[in-house]
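Engineer: Here is my input; please provide its structure:
(chains A, B, C and D)
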2 protein chains.
Amino acid sequence: MTVTLADVAARAQVSPATVSRVLNGNYPVAASTRERVLKAVDELDYVLNGPASALAAATSDLVGILVNDIADPFFGIMASAIQSEIGGPGGRAGGERLAVVCNTGGSPDRELTYLTLLQRQRAAAVVLTGGAVEEAPHAAAVSAKLRKLADAGTRVVLCGRPPAPDTGAIALAFDNRGGARQLTGHLIGLGHRRLGYIAGPAERTTTRHRLEGHREALAAAGVEDDPRRTVYGHYDRRSGYEATLELLRRDPDLTAVVAANDSVALGACAALRESGLRIPQDVSVAGFDDLPFSIDAVPSLTTVRLPLAEAGARAGRIAMGREEPPPGGIATVRGELMVRGSSGVPRSS
Amino acid sequence: MTVTLADVAARAQVSPATVSRVLNGNYPVAASTRERVLKAVDELDYVLNGPASALAAATSDLVGILVNDIADPFFGIMASAIQSEIGGPGGRAGGERLAVVCNTGGSPDRELTYLTLLQRQRAAAVVLTGGAVEEAPHAAAVSAKLRKLADAGTRVVLCGRPPAPDTGAIALAFDNRGGARQLTGHLIGLGHRRLGYIAGPAERTTTRHRLEGHREALAAAGVEDDPRRTVYGHYDRRSGYEATLELLRRDPDLTAVVAANDSVALGACAALRESGLRIPQDVSVAGFDDLPFSIDAVPSLTTVRLPLAEAGARAGRIAMGREEPPPGGIATVRGELMVRGSSGVPRSS
DNA sequence: AACAGTACAGCAAGCGCTTTCTATACAGAG
DNA sequence: CTCTGTATAGAAAGCGCTTGCTGTACTGTT
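Structural biologist: Residues are numbered from 1 along each chain as shown, chains lettered A, B, ... in the order given. Below you'll find the model as predicted:
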């Protein structure tokens, strides 16, 4: 039924070993022989059996990419960039590798399960994107898993995620804290003193770092940090909408809303508009990430641009061993403050 | 170094066969034995070798998902929905399968290459999303590939893509033509007679169908279809921006711009605004797809909502054999016209 | 008490490929 | 003309798992 290496060998009048060598191109084969083999491959429409190769060679051409939510462009952009570098068809590399994108939904359990599945597939590399969950038992379990993967020869890269010490994983961390500091600093510089903050889920590193940066900026300017001005939610539009309503309820005189990310900021904008508040005349809004749609918001969103595609591409290259890992295995990727129409001076109070 | 089935067997004092059976749970094993095996597995931290299983059992737990661009939410949403149904961790199904997401970038060559790669991995199923390329040689090559995959037992599902006759592939096609007809019909009903159309790449089925629907609506209303009012581009914001400028150049009195999709529409909005035109007072704008950000545009976008998540989920279930394929292997998924703020009556001319 | 039936467990033969080691052939060196 | 070196091809031993078939020990029947 299915044609195997042996069939090709028979047709080309050579041994299976030779066919294998022609296909893998890592052993001298006479040009005439190679041609004969290739012809047979073509005629029989032969397709290598991946699992068999992987078993025999003890390697696989699968690369795992873990994301929280592939429907979110934040992850989509990184995944796309990683993919383009791991040398799938059209990629730079010779070897063609397949990207296994795993949607963890932010659940630590699923993250772990996917890691095991990838380990089972003997993945060549694994890239973890997005913030980590900061619950001790899970962090430890993930670290142990990463360590094991690394020991088994799988290259592990963290993209936009803080370093995991002693795991052998390379980390490309986003400077969330610094970005947030700049962003809130910008608002304070404009004159804002009553800023609401919409944070992400409490247990995420990303959430904590951005919030810390925000608070650092407040502290640096001597602005009181009323805990009632911070609301936790999720990284989605809906959260932004609801949290903004809540913030407004708590303090109707808010002059600015700083959101955990751009989607949240968009939700905030919607809530403000529906409350009859103008942006930025009545309330300024700021996001984070600078996703493509942020510039199309009206007014366009002041935010912190994270070089998602660049970081993803770099992570991909490192995962493929095509780029030197940063010294110490850790690099910080900075964001850039993008001042746009959604932030302005506060209304005179 | 790496622990194998045999190691586990030795430690549990059973044969490798028994360990395999415990792990696969498809053969009666005494409870006490099972427990002993599981304990050994745990103690040795054993992880099954995927390629070896796949080879021996001649099946794999990989599912391929082909998308044009995973960074685009249009595909991200479908991919996410498919994924959630193919029974990865947390999914409904027992077997845990990995989704291989392949970014074709819209290139037929890469599509073909990826299909071969998936065939090589003996993927359990393959879901192709997005419009197909309509170039005869490629369409034939893809069809042949799909046929071969299906013959080899891989379930093939087309999601948001027209049927591929005689390939054994199940198709869930979007009613792009009907949606476009409704959309343009809505604009005509509002009184528009000078509508610009920004199409996608000419060779895509999606592009053609949407354009045909648009023209059908024009014809039905007896509105002249000036070919100069159609500009081709890509499915991205930038294309929308440039095409709109071009349309305006060709006919400054345009009262409406119909875009190939929402991203294009956003670009169109930006171009109109920069040209000093108000939406919808001066020019109405319409998109397609109803991606999440469309509602946050100002004014929010009139568009055709495509049930991306639902279609993806269904495709996923069919791919897993968990849902009956539609009769004839073909189903049409309709869109829903969403009338929002970006469309209004034309300025009196 | 002998027999069929049932429930487990093990043996061993692959699954289709890679790769080490070995064999052969010929070219040039001495 | 023999000897060594180089280039290329083949033989065969696995890689780690699954599964059909073959036991073996019971349980329950008549």
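Engineer: contacts and neighbour counts: CA atoms only from here.
Structural biologist: Will do.
Engineer: Is it correct that A:Glu111 is in contact with A:Val101?
Structural biologist: No. A:Glu111 is beyond contact range of A:Val101, at 11.6 Å (criterion: Cα atoms under 8 Å).
Engineer: Residues that sit against both of those two, list them.
Structural biologist: A:Leu66 (Cα atoms under 8 Å, 6 or more residues apart in numbering or on different chains).
Engineer: Report the contact partners of the residue nearest to the spatial centre of chain A.
Structural biologist: In chain A, the residue lying closest to the centroid (Cα atoms, centre = their mean) is A:Thr129, at 3.4 Å. Residues in contact with A:Thr129, defined by Cα under 8 Å, 6+ apart, are A:65-68, A:75, A:78, A:158-161.
Engineer: more crowded one of A:Glu111 and A:Val101?
Structural biologist: Relative neighbour count places A:Val101 above the other of A:Glu111 and A:Val101, with 27 against 23, counting by other Cα atoms under 10 Å in any protein chain shown.
Engineer: The more buried one pairs with what?
Structural biologist: A:Ile65 (DSSP bridges).
Engineer: thinking again about what came up before, and the closest residue to the residue nearest to the centre of chain A other than its chain neighbours, how far from B:Lys148?
Structural biologist: Once flanking residues are discounted, A:Thr129 sits nearest to A:Cys159: 4.8 Å by Cα to Cα, 6 or more residues apart in numbering or on different chains. The gap separating A:Cys159 from B:Lys148 is 38 Å, by Cα to Cα, to the nearest Å.
Engineer: which helices and strands sit right next to the helix or strand where A:Leu55 lies?
Structural biologist: Here A:Leu55 sits within helix A:50-57, counting by DSSP states H and E. Taking 3 or more Cα pairs under 8 Å, 6 or more residues apart in numbering or on different chains; DSSP states H and E as contact, the helices and strands that helix A:50-57 lies on are helix B:50-57.
Engineer: give me every residue that touches the residue of the stretch 101-250 of chain A found nearest DNA strand C.
Structural biologist: The minimum distance from the stretch 101-250 of chain A to DNA strand C, using Cα to the nearest atom of the strand, falls at A:Ala124 (14.0 Å). Shown in contact with A:Ala124 (Cα under 8 Å, 6+ apart): A:59-63, A:153-155.
Engineer: Including distance to DNA strand D, could these go into a markdown table?
Structural biologist: Output for these, formatted as a markdown table (distance: Cα to the nearest atom of the strand, whole Å):
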| residue | distance to DNA strand D |
| --- | --- |
| A:Thr59 | 10 |
| A:Ser60 | 12 |
| A:Asp61 | 16 |
| A:Leu62 | 17 |
| A:Val63 | 19 |
| A:Gly153 | 13 |
| A:Thr154 | 15 |
| A:Arg155 | 19 |
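Engineer: just the helices in the stretch 1-150 of chain A please.
Structural biologist: For the stretch 1-150 of chain A, the helices defined by DSSP state H, counting those that start in this stretch cover A:5-12, A:16-24, A:31-44, A:50-57, A:73-85, A:108-120, A:136-151.
Engineer: Can you add mean pLDDT and give those helices back as JSON lines?
Structural biologist: Listed next are those as JSON lines, based on pLDDT from 0 to 100:
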{"stretch": "helix A:5-12", "mean pLDDT": "96"}
{"stretch": "helix A:16-24", "mean pLDDT": "95"}
{"stretch": "helix A:31-44", "mean pLDDT": "95"}
{"stretch": "helix A:50-57", "mean pLDDT": "96"}
{"stretch": "helix A:73-85", "mean pLDDT": "96"}
{"stretch": "helix A:108-120", "mean pLDDT": "95"}
{"stretch": "helix A:136-151", "mean pLDDT": "94"}
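Engineer: and among these, the most buried is which?
Structural biologist: helix A:73-85 (a mean of 26; mean count of other Cα atoms under 10 Å in any protein chain shown).
Engineer: Just say helix, strand or coil for A:Asp225.
Structural biologist: coil (DSSP: H, G, I helix; E, B strand; the rest coil).
Engineer: neighbours around it, how many?
Structural biologist: Residues near A:Asp225, counting by other Cα under 10 Å: 17.
Engineer: in the helix or strand A:Ala171 falls within, what counts as buried?
Structural biologist: Secondary structure assignment for A:Ala171, by DSSP H and E: strand A:170-174. Across strand A:170-174, burial judged by 16 or more other Cα atoms under 10 Å in any protein chain shown covers A:170-174.
Engineer: Let's have the contacts of A:Ala124 in a markdown table, adding neighbour count and distance to A:Glu323.
Structural biologist: Listed next are those as a markdown table, based on neighbours: other Cα atoms under 10 Å in any protein chain shown; distance: Cα to Cα, whole Å:
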| residue | neighbour count | distance to A:Glu323 |
| --- | --- | --- |
| A:Thr59 | 17 | 20 |
| A:Ser60 | 20 | 20 |
| A:Asp61 | 22 | 18 |
| A:Leu62 | 22 | 19 |
| A:Val63 | 29 | 16 |
| A:Gly153 | 14 | 17 |
| A:Thr154 | 23 | 16 |
| A:Arg155 | 22 | 12 |
